[in-house]
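1. With the input below, show me the fold.
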Amino acid sequence: MDASQPEPQRPQRRPNVALVGTAPPRRCGIATFTDDLRTALADLEPPTPVVQAALTDGGSAYDYGLDVVFEVQASQLSDYRAAADYIEQSDVDVVCVQHEFGIFGGPAGRHVTELLDHVRCPVVTTLHTVLAEPSAKERESLLAVAERSDRLVVLSEQAVALLEDGYGIDRDQIVVIPHGVPDVALVDPDDAKPAIGAEGRLVLMTFGLLGPDKGIEVALEALPAVVARHPELLYVVLGASHPEIRRHHGEAYRQSLLDRVSELGLEGNVVFHDRYVDLDELCGFLAATDLYLTPYRGAEQIVSGTLAYAVGMGRGVVSTPYRYARELLADGRGRLVPFDDPAALGGTLVELLDDPAARARMRRAAYDHARAMTWPAVAAAYTDLFAEVVATHDARRSPVLPECLPAPSFEYLRAITDDTGPFQHAAHGVVDRAYGYCTDDVGRALVVAVLGRARRDDATAASLVPTYLSFLRSAQRPDGRFANLMTYDRRFVEGTESDDTLGQAVWGLGTVIGASSDEGWRALAGELLGRALPALDELTGTKAIAYAICGLHGHLERFPGALPTRRALVRLAERLAARLAEHRHAGWDWFDGELTYGNAKVPSALLLAGKVLDRDDWRRAGLTTLDFLLATTYVDDRFDFVGNAGWYPQGHRKAVFGQQPIEAGYTAEACMLAYELTGTPRYLDLARAAGEWLLGRNRLGEALYDPATGRCVDGLDRNGVSANAGAESVVCALLGLLSVPIAEPSALLTDGALEAGAD
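-> So this is what the prediction gives:
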């Protein structure tokens, strides 16, 4: 690839969001809100990626949509922890909880804190209910949620005052984002009435899940006086009974209303639509409404989705003065009447129905105010908040990185190496002899020991080379392959030969030949490599082929005219190129259908093959696949490698926990090679970023490598760094640090805008 070739532009990326709340087809206001928010986030350009964990009430079963990826049985505490674990294994950047006391299990919905206690990403909680006079358990539960949330979203200014004064919550933690409303044109009600069969009528409407708190009986008592003045009046009560009301009391409340309509002689003026309606049908009814009624009986209601929708569509509103209504209907956007006062309600209705101009002014004032409440505006506000909390959360967890990457220390590798080889496993810095040794580790360890001597003139590294060469000589079988496992009593386990073992042994031997100045070491490595060469034609694994190519490259660097080595390398490189051609397609430039471990070694192999044999097609393939890998793993100004807790199958989500130092080491090595071949500074910066992943520039902000001792732990799990620190991890960390120059400060420390693929 020509270094001057334009590089792909940096894509805009929005945080990945997990919504936690109820979801359709469950019928409740939180489910509707959550689904509307999800849709609005997905409709942004570029979209905000959203998945959802849905709360299911006891005894119910719902056929959730594809966006619901996890179901939580509300009463089962263990489900909340399981949901947190699921979120932690995904690529979610921020959790957004839709909080209502009644949808979560436990005392006053306290179970939700079990989920919040076990997610590491930031949390934004939308409070749909803020009580002025909570019970002790309600107060305790809300404060527990607040303590575990980075931001609290409320839907009204009144809620801000309640949280500050009643709960002692800091104003800086609270954000006001209004309830979303449909983004529709303002229409004259008369133009919409034929669609609902109300042409020539004056339409009043109340919408929502029916229950005694809605105050419908108060509205019915007010109607006779209004109908006497306007016999053409039609009051539409739209919505099914609340599921909890129906579960405990059947349809007794609805029947009492129907009975009262008959008693008042209002059969021709009141219609009940006992069903759950979708957004389009609701908007059709609202468009035809002259006056929307919310005669609610409770003064403390802090938000009402139905009132928000009516205002959003520019409808005139008459309401009782509960908290949300007082705020939303101020400045001429509606009229307030006392609670439980049919006479006052009837008088206000007559006054407004007599005055079309007053209703038109009210509609315009409501509609203009609600432009900031449309779902696109609300989704944009949430997305900005998500980005802010992710950035703040990351900044709090960002480690203080050194100006330069540290020089690699071989002290820990020496400590876990005895006179046979490096031990496979160690915990808390103490080797576990029960697992013995393995050739896979020795092949890689030989690479870093030779490079430590060649690049850093490190005496400790040099002292390890004879031990590792001796191990490989003992491990080689008569057919040229290598036994992999050796027990602590120095006996190889027969039948443990593998493609990866052969490939990594060849990588180590080729590195000795290409990089060591010791003639004796080179001679022994050449003998062992010569015996292994015929077995390379049997390699089938992608990584094994890549390892072998890296070793053959070292041999050809020293001896360009070695024809058997050249022929073997060509055969292996052509095999990789064919595998890439078989599996690549739009959006997937890779050699297999899954990204697993040690991924960057494969592009490295093609880059080295192209370099040593001057094959531009292999160089291009190496750079293209490396760029694909970098775009997948370099996220939000840091590497977020594929984790072993699920890997990354094509078409699925990338696992992000179980990340291992092998990815950092191989990625640093590959990026430095790309930089040497192209001169593109981005690759140098990304190589340094891979090294900084070891020092804490990762999703947990925790260091895996200790520069003082040379110890490197085995992985990055959802609960922190591993306590284990075996041979593979320290060797791969050393490889990464050996690959990157240490003399110059990292540009990444001052340029937070760098992304894989950016200019």
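2. so where do the helices sit in the stretch 301-450 of the chain?
-> Taking DSSP state H, counting those that start in this stretch, the helices of the stretch 301-450 of the chain run over residues 305-312, 323-328, 342-353, 356-369, 375-397, 411-415, 439-456.
3. And for the stretch 501-650 of the chain?
-> Taking DSSP H, counting those that start in this stretch to define them, one finds helices in the stretch 501-650 of the chain at 519-532, 542-558, 563-583, 601-613, 616-633.
4. Dump the ones you listed to TSV, plus distance to Trp375.
-> In short, each C-beta sits where N, CA and C put it, glycine included. TSV is the format used below for these (distance: least, CB to CB, whole Å):
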stretch	distance to Trp375
helix 519-532	64
helix 542-558	46
helix 563-583	40
helix 601-613	43
helix 616-633	31
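5. can I get those helices in CSV with distance to Gly197 and mean pLDDT?
-> Formatted as CSV, the helices of the stretch 501-650 of the chain follow (distance: least, CB to CB, whole Å; pLDDT from 0 to 100):
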stretch, distance to Gly197, mean pLDDT
helix 519-532, 85, 98
helix 542-558, 67, 98
helix 563-583, 59, 98
helix 601-613, 66, 98
helix 616-633, 56, 98
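6. which one of the helices of the stretch 301-450 of the chain lies closest to Leu737?
-> For Leu737, the closest of the helices of the stretch 301-450 of the chain is helix 439-456, at 9.2 Å, according to CB to CB.
7. helices or strands up against that closest one?
-> Based on contacts counted as 3 or more CB pairs under 8 Å, 6 or more residues apart in numbering; DSSP states H and E, the elements that helix 439-456 packs against are helix 411-415, helix 459-475, helix 499-515, helix 727-739.
8. redo that, cut-off 7 Å
-> Counting contacts by 3 or more CB pairs under 7 Å, 6 or more residues apart in numbering; DSSP states H and E, helix 439-456 is packed against helix 459-475, helix 499-515, helix 727-739.
9. Comparing the helices of the stretch 301-450 of the chain, which yields the minimum mean pLDDT?
-> Note on these: helix 375-397 shows the lowest mean pLDDT, a mean of 87.
10. Report the distance from that helix to the chain centre.
-> With CA atoms, centre = their mean, to the nearest Å as the basis, helix 375-397 stands 13 Å off its chain's centre.
11. ok, now stretch 168-186?
-> The answer for stretch 168-186 is 23 Å, by CA atoms, centre = their mean.
12. A helix includes Thr125, no?
-> No. Counting by DSSP: H, G, I helix; E, B strand; the rest coil, Thr125 is not part of a helix but strand.
13. picking that back up, got the helices and strands packed on helix 439-456 as a markdown table, with mean neighbour count, mean pLDDT and distance to Ala228 columns?
-> Listed next are the helices and strands packed on helix 439-456 as a markdown table, based on neighbours: other CB atoms under 10 Å; pLDDT from 0 to 100; distance: least, CB to CB, whole Å:
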| stretch | mean neighbour count | mean pLDDT | distance to Ala228 |
| --- | --- | --- | --- |
| helix 459-475 | 20 | 98 | 100 |
| helix 499-515 | 27 | 98 | 90 |
| helix 727-739 | 28 | 97 | 85 |
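14. Burial check on Trp375, number of neighbours?
-> 19 (other CB atoms under 10 Å).
15. Wait, it touches Pro178, no?
-> No. Using CB atoms under 7 Å, Trp375 makes no contact with Pro178, being 10.5 Å away.
16. wait, which of the helices of the stretch 501-650 of the chain is closest to Leu257?
-> Proximity to Leu257 (CB to CB) singles out helix 616-633 among these, at 58.2 Å.
17. Just send the helices of the stretch 301-450 of the chain back as TSV, with distance to Leu735 too.
-> Formatted as TSV, these follow (distance: least, CB to CB, whole Å):
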stretch	distance to Leu735
helix 305-312	57
helix 323-328	61
helix 342-353	78
helix 356-369	61
helix 375-397	26
helix 411-415	11
helix 439-456	5
